[in-house]
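Okay, here's the prediction I keep looking at, along with the sequence it came from:
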Number of protein chains: 2
Amino acid sequence: METTSRAAAPRRLPPEERERSILRGAVDLAGESGLEALTVRAVAAKVGVTPALVAHYRPVMESFVAEVFTEIVAAERDEVIASYDPDVDLRTNLLRLIETLLDDSRDDVAMVWVQSWALGARNEALGERVRVEMDLWHSALEDLIARAIAEDPMVRVDPGSSAWMLLAMVDGMSAHSLVHWAPRDRADLARRTLAAVLDAPAARTPTSIAESHR
Amino acid sequence: METTSRAAAPRRLPPEERERSILRGAVDLAGESGLEALTVRAVAAKVGVTPALVAHYRPVMESFVAEVFTEIVAAERDEVIASYDPDVDLRTNLLRLIETLLDDSRDDVAMVWVQSWALGARNEALGERVRVEMDLWHSALEDLIARAIAEDPMVRVDPGSSAWMLLAMVDGMSAHSLVHWAPRDRADLARRTLAAVLDAPAARTPTSIAESHR
DNA sequence: TTCGCTATTGAACAGGTGATCAACGAGTGA
DNA sequence: TCACTCGTTGATCACCTGTTCAATAGCGAA
């Protein structure tokens, strides 16, 4: 690995500044190589300091990983949610949002998410952060959909369930894209996905179908 | 880690048998602790032999991981697909299938899948196997849906897209469950998911909506 | 300019990883 | 019973991991 970031940092920094520098380096590193790449030595090399200094500012690596995860995904969520355009209808907005999230250029964040689900199963500090960030994503989407319903009663879906399905679909597809398993026409699939979530009638159970045949 | 498997194996086995024994041990280990736990020494301890012997039969760990992955997910796919009941309608069958795949007792396989997406991005031997197994899943589902359509023209969906969406949803939800992020009523969500995929009308684009307002 | 605080370092520890190879010894055919 | 084949071992390599701590040295205050 080569130190692509700036040359060796100035000798001595105020703790607050050094702390920021280390966190930023770790965020960059995780973006390039995933959460698994967050080792004391790799972060130190990236920042241009000694491993011991990294360990000094973040004595427990396990929770540092959780912190870096939060930093990365929160920034992306803020960015994506902020790009919602209130002057355009819900469907168009959500379509843009899905296309944004599935874009190849965001594979770095996808990698962070996928690794977070695997690592979060055994790193409880991380697991908790993952749940928090997913809750935030869920309620953000739920809010958008609920607000759209309030303005246009033609939209007839359950915001909570729809948000849930959207997240599952997008996360599933993001995971798939990490090994380059993707449909030929991604834009078309995004549209179909959206149609499935927004235009689905109330769930029918096999039982209720049987009943309708009486 | 304790060697929960049988005691030390007989001194000397025919190569074929030893090979099977090592593979089986690795499969068990990955099921318990995930693909990341597949180290030469851990597999050796599980099987009750020397690390050197494992390295002898599988000289490159990277491809051994890919092999174990295939072993695990192919077995599950065969099992789940085989449980399809041709005497029952598509919706009921798919509902059972989804519920099966999302059941907590299958978190071990979910972990293997999620890790495979992350590891497969940088382990090309694994990545290729992952794509193959996903293709097999996709065409299996596609076949089931297509066959159901042939028997009941009331079902009006595109088998390919539906299979794709189902896989994305199920994989997304499986990933989420690893950190115990799950909806209150999983059965209800499974039904809604199915409704979304099977009852979605043809995809409408924002453009086509705009056109319909002329 | 000097002094003291403390940010930073180097070195070490105990443990883990995949991989390699000469040597051992169990089983088998002669 | 002997000898040979080859499955199996123990030891070792180079490298990685997180964590600890005494010692160093930069910087601001006096």
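That came through fine.

hey, let's count contacts and neighbours off CA atoms from now on
Noted.

check contacts around the residue in chain A that chain B sits nearest to.
Proximity of chain A to chain B (CA to the nearest CA) peaks at A:G172, 3.9 Å away. Counting by CA atoms under 8 Å, 6 or more residues apart in numbering or on different chains, A:G172 touches B:L167, B:A168, B:M169, B:V170, B:D171, B:G172, B:M173, B:A175.

which residues of chain A fall in helices?
A:15-33, A:40-47, A:51-57, A:61-82, A:90-102, A:107-120, A:124-151, A:159-178, A:186-199, A:206-212 (DSSP state H).

what's the neighbour count on the nearest residue to A:V109 once chain neighbours are set aside?
Here the nearest residue to A:V109 in space, its sequence neighbours aside, is A:G31; by CA to CA, 6 or more residues apart in numbering or on different chains that works out to 6.7 Å. Using other CA atoms under 10 Å in any protein chain shown, A:G31 is surrounded by 21 other residues.

Same check on A:L144?
As a burial measure, A:L144 scores 18 neighbours (other CA under 10 Å).

Name the nearest residue to it, ignoring sequence neighbours.
A:L90 (7.8 Å).

In contact with the spatially most central residue of chain A, which residues?
The residue lying closest to the centre of chain A (CA atoms, centre = their mean) is A:V73, at 4.8 Å. With contact set as CA under 8 Å, 6+ apart, A:V73 has these partners: A:V109, A:W113, A:E133.

export those residues to TSV and tack on neighbour count, distance to B:A37 and pLDDT?
Shown next, in TSV, are the contacts of A:V73 (neighbours: other CA atoms under 10 Å in any protein chain shown; distance: CA to CA, whole Å; pLDDT from 0 to 100):
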residue	neighbour count	distance to B:A37	pLDDT
A:V109	20	24	98
A:W113	24	20	98
A:E133	15	27	98
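
for these, which one is nearest B:E79?
A:W113 (29.0 Å; CA to CA).

need the contact list for that closest one.
Neighbouring residues of A:W113 by CA under 8 Å, 6+ apart: A:V73.

Next up, phi/psi of A:R156, please.
phi -130, psi 80 (degrees, to the nearest 10).

my guess is it meets A:A146, correct?
No. Using CA atoms under 8 Å, A:R156 is not in contact with A:A146, being 10.0 Å away.

So the two - more neighbours on which side?
Higher neighbour count among A:R156 and A:A146: A:A146, with 20 against 14, using other CA under 10 Å.

how deep is the nearest residue to A:L97 once chain neighbours are set aside tucked in, by neighbour count?
Nearest residue to A:L97, sequence neighbours excluded (CA to CA, 6+ apart): A:V80, at 6.9 Å. A:V80 has 15 neighbours, counted by other CA under 10 Å.

And A:A195, by the same measure?
So A:A195, with other CA under 10 Å, has 22 neighbours.

out of everything not next to it in sequence, what's closest to the residue in chain A positioned nearest to DNA strand D?
Going by CA to the nearest atom of the strand, DNA strand D is nearest to A:T39 of chain A, at 3.1 Å. Spatial nearest neighbour of A:T39, excluding adjacent residues (CA to CA, 6+ apart): A:M61 at 7.6 Å.

Do I have it right that the one you found meets A:V40?
Yes. Judged on CA under 8 Å, A:M61 makes contact with A:V40 at a distance of 7.4 Å.

what residues are up against the residue lying closest to A:I72 once chain neighbours are set aside?
Nearest non-adjacent residue to A:I72, counting by CA to CA, 6+ apart: A:V27, 6.6 Å away. Neighbouring residues of A:V27 by CA under 8 Å, 6+ apart: A:V68, A:F69, A:E71, A:I72.

Hmm, the last one is touching A:D108, no?
Looking back up the chat, that one is A:I72. No. Using CA under 8 Å, A:I72 makes no contact with A:D108, being 9.9 Å away.

can you list residues touching both of these two?
Counting by CA under 8 Å, 6+ apart, the contacts common to A:I72 and A:D108 are A:G31.

give me phi/psi at A:A121?
Dihedral pair for A:A121: phi -70, psi -30, per degrees, to the nearest 10.

Just the pLDDT for it.
Looking at A:A121, its pLDDT stands at 98.

A:E151 now?
In this model, A:E151 is scored at 85, pLDDT.

One more: A:A7?
For A:A7, pLDDT reads 40.

which residues of chain A score low on pLDDT?
Scanning chain A for pLDDT under 70 picks out A:1-10, A:200-214.
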